[in-house]
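Undergrad: Structure of the sequence below:
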Amino acid sequence: MNPSRHLPQIFACILLAAAGSAHAAGDATLGQAQFARCTSCHGISASSPPKIGPRLDGVYGRPAASIDPTYEYSEALRLAKIRWDDASLDRFLAAPRSFVPGNKMTFTGVADAGVRANIIAYLKTREQER
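TA: Take a look at the predicted model:
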């Protein structure tokens, strides 16, 4: 068996893995612009006026249904035992109703994985305001 004949396939796999990890990191600056569609329902600071959905400042790393003391979260989300990290936010943003059946979010989801990664990167930059 000649291992050198597999070098092109190995190289292609390495390139795909590197591209996937760069894509997964997201771009917070792009994410801020892409998050604009979320602001019709969600605030991103303590000074945000009440909206139909909860504030999202400081959401990254927190348990679900714990960030906004003024918002009445669904029972489904309160009982979900989710901590908002890259994986859970990605799944929720992709299909909120499928990821947590019975939650209040009526938005159907963000189909583009790159846009989701950017929004998550942006949310990571937003610390909770008091």
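
Undergrad: secondary structure element for the most centrally placed residue in the chain?
TA: By CA atoms, centre = their mean, the chain has its centre lying nearest to L89, at 3.4 Å. For L89, the host element (DSSP states H and E) is helix 86-94.

Undergrad: all helices of this structure, in order?
TA: 7-25, 28-35, 75-78, 86-94, 96-99, 113-125 (DSSP state H).

Undergrad: So, low pLDDT: which residues of this protein?
TA: 1-24, 130 (pLDDT under 70).

Undergrad: how much space is there between Y71 and D112?
TA: Taking CB to CB, to the nearest Å as the measure, Y71 falls 27 Å from D112. Where you see a C-beta, it was placed from the backbone N, CA and C, and this is true even at glycine.

Undergrad: tally of neighbours for the residue nearest to F92 when sequence neighbours are not counted?
TA: Spatial nearest neighbour of F92, chain neighbours left out: F99 (4.7 Å); criterion: CB to CB, 6 or more residues apart in numbering. The tally of other residues near F99 (other CB atoms under 10 Å) stands at 18.

Undergrad: F99 contacts R91, doesn't it?
TA: Yes: contact status for F99 versus R91: in contact at 4.7 Å, counting by CB atoms under 8 Å.

Undergrad: which residues sit in contact with I82?
TA: By CB atoms under 8 Å, 6 or more residues apart in numbering, the contact list for I82 reads 63-64, 88, 92, 100.

Undergrad: redo that, cut-off 7 Å
TA: Going by CB atoms under 7 Å, 6 or more residues apart in numbering, I82 touches 63-64, 88.
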